[in-house]
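K.L.:
Quick check, what structure comes out for this input:
(2 chains)
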There are 2 protein chains.
Amino acid sequence: MPSSTDLPFLSALKWNDEGLIPAIVQDAENGDVLMMAWMDEPALRDTVATGQTHFFSRSRRSHWHKGATSGHVQYVESIWLDCDGDVVLIKARQIGGACHEGYRSCFFRRVGEAGRLDHSSEPVFDASKVYGSSGGAGPDSRATSCEPGATG
Amino acid sequence: MPSSTDLPFLSALKWNDEGLIPAIVQDAENGDVLMMAWMDEPALRDTVATGQTHFFSRSRRSHWHKGATSGHVQYVESIWLDCDGDVVLIKARQIGGACHEGYRSCFFRRVGEAGRLDHSSEPVFDASKVYGSSGGAGPDSRATSCEPGATG
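P.N.:
Predicted coordinates:
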């Protein structure tokens, strides 16, 4: 891998002990926070090189191109770093929905009255149709995380 | 500490191995992502109970009430969970600026042309005046993270 001289901003990043950094994805159109996932340096480099988000799945220990299965890719509009360089913010144009459960944003559950959890959004696509024939990961594994390849 | 029966949404959360969860804070007024920090369960409970954000500093192993030093508190408007319950999103009304370097948002650096890092915002307060007389943490420790108590 080339040194960070080709992408100077990489030298400002602080990766955690696993070599990962949290990446927040924000809808460039309406400002909604869509999801948070993790990137390693290759995933961040792929994100810069392709203009579409790539992540690292901690549960599968593998790379993941968001939208590879579903077509629900995220086109990167800008990348931002926080003050201490340990979080990345990506403003992106989301195709379809970010969430493997069919919602536009993964943050579709709101803490309501008396600390109860309410669903505050409607799905924008049928997750069983989009991911149902992708093979490999079954419904149970998909239900545990927005990270797996099946989320793509 | 009471069980999660008093705050049912807590049972939907997945804490990491350190008992922490990432908390994204979003400006309820304009949708800007202000910062990301970490909460343990007591910090989240304090956030719910007081209506102001509280965090857990991983570097200091201690709780931190955002705004305790600076007055730049965050008034919670709503709390959201992501699909797999391992990230919290807080929409809040930010007093002053979220960032210990004087910016409204911690994400004031944008990746620009050729991967260089540009400052894309102007500070909204003078960090040296706000934090300069807080004692304890010197400028060096403050410069390393938005997490420390000096950030408050």
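
K.L.:
give me the element the residue nearest the centre of chain A is part of.
P.N.:
Residue closest to the average C-alpha location in chain A (CA atoms, centre = their mean): residue A:37, at 4.6 Å. Here residue A:37, judged by DSSP states H and E, is contained in strand A:33-39.

K.L.:
Run the angle between that strand and strand B:33-39 for me.
P.N.:
Angle of strand A:33-39 versus strand B:33-39, following axes from the mean of the first three to the mean of the last three CA atoms, to 10 degrees, is 60 degrees.

K.L.:
just to revisit the earlier point, how near is the residue nearest to the centre of chain A to residue B:36?
P.N.:
13 Å (CB to CB, to the nearest Å). To be clear about C-beta, it is placed using only N, CA and C from the backbone, and glycine gets the same treatment.

K.L.:
Now for the two: what residues contact both?
P.N.:
Here residue A:37 and residue B:36 have residue A:22 as joint contacts, going by CB atoms under 8 Å, 6 or more residues apart in numbering or on different chains.

K.L.:
now check stretch A:45-59, is it near chain B?
P.N.:
Yes - Stretch A:45-59 comes into contact with chain B (CB under 8 Å from any CB of the partner chain), by way of residue A:48.

K.L.:
what residues does that stretch touch?
P.N.:
A:1, A:7, A:18, A:20, A:23, A:25, A:37-40, A:42-44, A:62-67, A:73-76, A:79, A:90, A:92, A:144-145, A:147-149, B:111, B:115.

K.L.:
end-to-end on that stretch?
P.N.:
21 Å (CA to CA, to the nearest Å).

K.L.:
Give the buried residues for it.
P.N.:
Under the neighbour-count criterion of 16 or more other CB atoms under 10 Å in any protein chain shown, stretch A:45-59 has A:45, A:46, A:47, A:48, A:52, A:53, A:54, A:55, A:56, A:57 buried.

K.L.:
what about it, distance to the chain center?
P.N.:
9 Å (CA atoms, centre = their mean, to the nearest Å).

K.L.:
ok, residue A:64 to chain B distance?
P.N.:
Residue A:64 sits 14 Å away from chain B, going by CB to the nearest CB, to the nearest Å.

K.L.:
typed the wrong thing, it's residue A:74
P.N.:
From residue A:74 to chain B the distance is 15 Å (CB to the nearest CB).

K.L.:
Look at that residue and say how many residues are nearby.
P.N.:
26 (other CB atoms under 10 Å in any protein chain shown).

K.L.:
what's near enough to touch it?
P.N.:
Here residue A:74 is in contact with A:25, A:34, A:52, A:53, A:66, A:67, A:90, A:92, A:93, A:94, A:95, A:98 (CB under 8 Å, 6+ apart).

K.L.:
which residues of chain A score low on pLDDT?
P.N.:
A:1-5, A:133-152 (pLDDT under 70).

K.L.:
Roughly how far does the single nearest residue of chain A relative to chain B sit from residue A:77?
P.N.:
Ranked by CB to the nearest CB, the top residue of chain A for proximity to chain B is residue A:31, at 3.0 Å. Distance from residue A:31 to residue A:77, counting by CB to CB: 12 Å.

K.L.:
Report the separation between the residue nearest to the centre of chain A and residue B:7.
P.N.:
26 Å.

K.L.:
ditto for residue A:50
P.N.:
For residue A:50, the distance to residue B:7 - CB to CB - is 42 Å.

K.L.:
Residue A:114 now?
P.N.:
8 Å.
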